[in-house]
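# Fold the following for me, if possible:
(one chain, ligands or ions: 1)
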Amino acid sequence: MTAPDVPPLRVRDLTVRFAGLTALDGVSFTVEPGSVHAVIGPNGAGKSTTFNVLSGVHRATFGSVRLGDEELTGLPPHGITARGVARTFQNIALSPHATVADNLMLGRHRLTRAGFLAAGLRLPSAAREEARHRERVREIAAFTGLEEHLGRPAGTLPYGLQKLVELGRALCAEPRVLLLDEPVAGMTAEERRRTASLIAGVRDGLGISIVLVEHDMGVVMRLADAVTVLDFGRRIAGGTPEQVQRDPAVVRAYLGRQEAA
Ligand SMILES: Nc1ncnc2c1ncn2[C@@H]1O[C@H](COP(=O)(O)OP(=O)(O)OP(=O)(O)O)[C@@H](O)[C@H]1O
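Sure thing, here's the model as predicted:
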């Protein structure tokens, strides 16, 4: 698998207001090419809002998100996917009755050249293209450890494997940037360990950038190259996992919430 051309993802002064509530307030950070960048913070800090702006679900009130020279701000979700940014969902969003292979094929959608007409007319060009996509799906299934499950309906797999299908489907879009929304939530300790090493493998083997929103601090600290810490919609710290762990503002933010709880 060859590394795609990955530019930096620059988030600048991102501000999101919902009817009187400022969910994000002037947040800036840069995701370096080929790195895992974690966004962490206590409940309500603005992590999901950041994720939703990056994937085009929410519009920024102010500020910008740029991938290299391309402005992503204001694009709809499919426009952002088309520029090589793929996401997974916190709650699994697979077609449960379709096979794992067909769910992965859905991830190839943006790369499909032959239109519905060519496919419907069963033109040889469409058949060749489909065969190429199926081959790539098999490669990605092997990479993610899903090969033996390709023929099974996705809904019949255990939860941890369904999360991997989500990840595999996002990889099938050949992204330059992968947005992972709590990829190990609800997993057993063994599944967490396996998923964390798979994510490290995606970074190291495919060279793509990964933005990770995750509550599991063990996974964040082991996996992330850089961490942005949010609290009440503001960026309160940033740096390597070691730096943010020692940062008094971060300790205060987490301890404060525990005391209030
Ligand atoms: N669609 C919305 N409408 C109004 N307020 C919202 C909306 N989405 C989020 N908020 C508010 O914005 C703030 C940030 O929420 P967000 O979900 O981004 O935090 P979070 O860090 O992801 O929290 P958690 O860890 O609990 O998922 C919160 O006060 C939340 O109530």
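
# now the strands: where do they sit in the stretch 151-261 of the chain?
Secondary structure of the stretch 151-261 of the chain by DSSP state E, counting those that start in this stretch: the strands cover 177-181, 209-213, 226-231, 234-239.

# Could you dump those into TSV and include distance to the ligand and mean pLDDT?
Every C-beta, even on glycine, is put in place using the N, C-alpha and C of the backbone. Output for the strands of the stretch 151-261 of the chain, formatted as TSV (distance: least, CB to the nearest ligand atom, whole Å; pLDDT from 0 to 100):
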stretch	distance to the ligand	mean pLDDT
strand 177-181	9	95
strand 209-213	7	96
strand 226-231	6	97
strand 234-239	11	97
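
# I'd like these as a markdown table, with distance to Arg17 and mean neighbour count appended.
Shown next, in a markdown table, are the strands of the stretch 151-261 of the chain (distance: least, CB to CB, whole Å; neighbours: other CB atoms under 10 Å):
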| stretch | distance to Arg17 | mean neighbour count |
| --- | --- | --- |
| strand 177-181 | 22 | 24 |
| strand 209-213 | 20 | 24 |
| strand 226-231 | 15 | 24 |
| strand 234-239 | 14 | 18 |
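
# Any chance of JSON lines for those, columns distance to His109?
Below are the strands of the stretch 151-261 of the chain laid out as JSON lines (distance: least, CB to CB, whole Å):
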{"stretch": "strand 177-181", "distance to His109": "16"}
{"stretch": "strand 209-213", "distance to His109": "21"}
{"stretch": "strand 226-231", "distance to His109": "31"}
{"stretch": "strand 234-239", "distance to His109": "34"}
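
# of all the ones you listed, which lies closest to Val165?
Closest approach to Val165 among those is made by strand 177-181 (13.7 Å; CB to CB).

# and Ala60, what does it touch?
14-16, 24, 53, 73-74 (CB atoms under 8 Å, 6 or more residues apart in numbering).

# Same question for Gly151.
Listed by CB under 8 Å, 6+ apart, the contact partners of Gly151 are 99-101.

# which phi and psi does Phe232 have?
For Phe232, the backbone dihedrals are phi 50, psi 40 (criterion: degrees, to the nearest 10).

# hmm, back to that, ranking the contacts of Gly151 by neighbours, who comes first?
Looking at those with neighbours defined as other CB atoms under 10 Å, the largest count falls to Val100 at 27 neighbours.

# to the chain's geometric centre, what's the distance from stretch 193-202?
Its chain's C-alpha centre and that of stretch 193-202 lie 13 Å apart, by CA atoms, centre = their mean, to the nearest Å.

# Flag every buried residue along that stretch.
Of the residues in stretch 193-202, 194-196, 198-199, 202 count as buried by neighbour count, 16 or more other CB atoms under 10 Å.

# Next: stretch 182-189.
Here stretch 182-189 shows 182-184, 187 as buried, counting by 16+ other CB under 10 Å.

# if you look at those residues, which of them are in helices?
Among the buried residues of stretch 182-189, no member falls in helices (criterion: DSSP state H).
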